[in-house]
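A.B. asks: below is the structure, and that's it, no one-letter string:
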């Protein structure tokens, strides 16, 4: 089973060229190797939460499970968040209400006791919400907490980011896909 989400158009932040192409191509690749794929594009928060919960509930013990997200992501206070299309300008406290905690998704998938969980995040970009509190973390480019995502761990899971924790992914502006998806499809 696979859930593939791509979000490129955002209401309140920079649009990304590649995520929807990335999601389409990742879905095609997964289908070609017999994954049952649910693909969703441009999700707002309520839709995204609903889709993720439905996916989690569909997992049977010993399923091979893959979660893929392409879009904006942010690290705040040692937590990684996936940014839905309608996420407003935020302060740190609002992230739990308006974004999706990536570790929570991974934990919920693992709680279903799949054979293996593959968790792919193509969202480690230097993401700016129009908020000084969150953007203040970008003052020191040598501080790994200032950019990218935090490393994630979960027994029985393969977790891959588009770049090393604390660094920025290559978006592939002149290409159809970002580099991570291009090399994995």
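C.D. replies: Now that the structure is in, tell me what you want to look at. Quick caveat, the model's predicted, so the values are computed rather than measured.
A.B. asks: break down this protein into its strands, ranges please.
C.D. replies: Under the criterion DSSP state E, the chain contains strands at 2-6, 37-41, 64-70, 73-76, 79-82, 100-101, 116-122, 157-161.
A.B. asks: which residues does residue 40 bridge with?
C.D. replies: Partner residues in beta bridges with residue 40, using DSSP bridges, are residue 5.
A.B. asks: of the strands of the chain, which is nearest residue 14?
C.D. replies: strand 73-76 (12.4 Å; C-beta to C-beta). For every residue, glycine as well, the C-beta is placed using N, CA and C.
A.B. asks: thinking again about what came up before, in CSV, list the strands of the chain along with mean neighbour count, mean pLDDT and distance to residue 15.
C.D. replies: CSV is the format used below for the strands of the chain (neighbours: other C-beta atoms under 10 Å; pLDDT from 0 to 100; distance: least, C-beta to C-beta, whole Å):
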stretch, mean neighbour count, mean pLDDT, distance to residue 15
strand 2-6, 25, 98, 12
strand 37-41, 17, 98, 13
strand 64-70, 24, 97, 13
strand 73-76, 24, 82, 15
strand 79-82, 23, 88, 16
strand 100-101, 19, 94, 19
strand 116-122, 22, 93, 15
strand 157-161, 16, 77, 21
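A.B. asks: columns distance to residue 25 on top of these, output as JSON lines?
C.D. replies: Supplementary listing: the strands of the chain in JSON lines, determined by distance: least, C-beta to C-beta, whole Å:
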{"stretch": "strand 2-6", "distance to residue 25": "9"}
{"stretch": "strand 37-41", "distance to residue 25": "10"}
{"stretch": "strand 64-70", "distance to residue 25": "10"}
{"stretch": "strand 73-76", "distance to residue 25": "19"}
{"stretch": "strand 79-82", "distance to residue 25": "19"}
{"stretch": "strand 100-101", "distance to residue 25": "22"}
{"stretch": "strand 116-122", "distance to residue 25": "11"}
{"stretch": "strand 157-161", "distance to residue 25": "16"}
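A.B. asks: wait, which of these is closest to residue 178?
C.D. replies: Of all those, strand 116-122 sits nearest to residue 178, with 5.7 Å by C-beta to C-beta.
A.B. asks: now for the chain, the helix or strand with the poorest mean pLDDT.
C.D. replies: helix 132-135 (a mean of 48; mean pLDDT, DSSP states H and E).
A.B. asks: grab the most central residue of the chain for me.
C.D. replies: Nearest to the mean C-alpha position of the chain, by C-alpha atoms, centre = their mean, lies residue 69 at 3.7 Å.
A.B. asks: list the buried residues in stretch 99-116.
C.D. replies: 99, 100, 101, 102, 103, 105, 106, 108, 109, 110, 112, 114 (16 or more other C-beta atoms under 10 Å).
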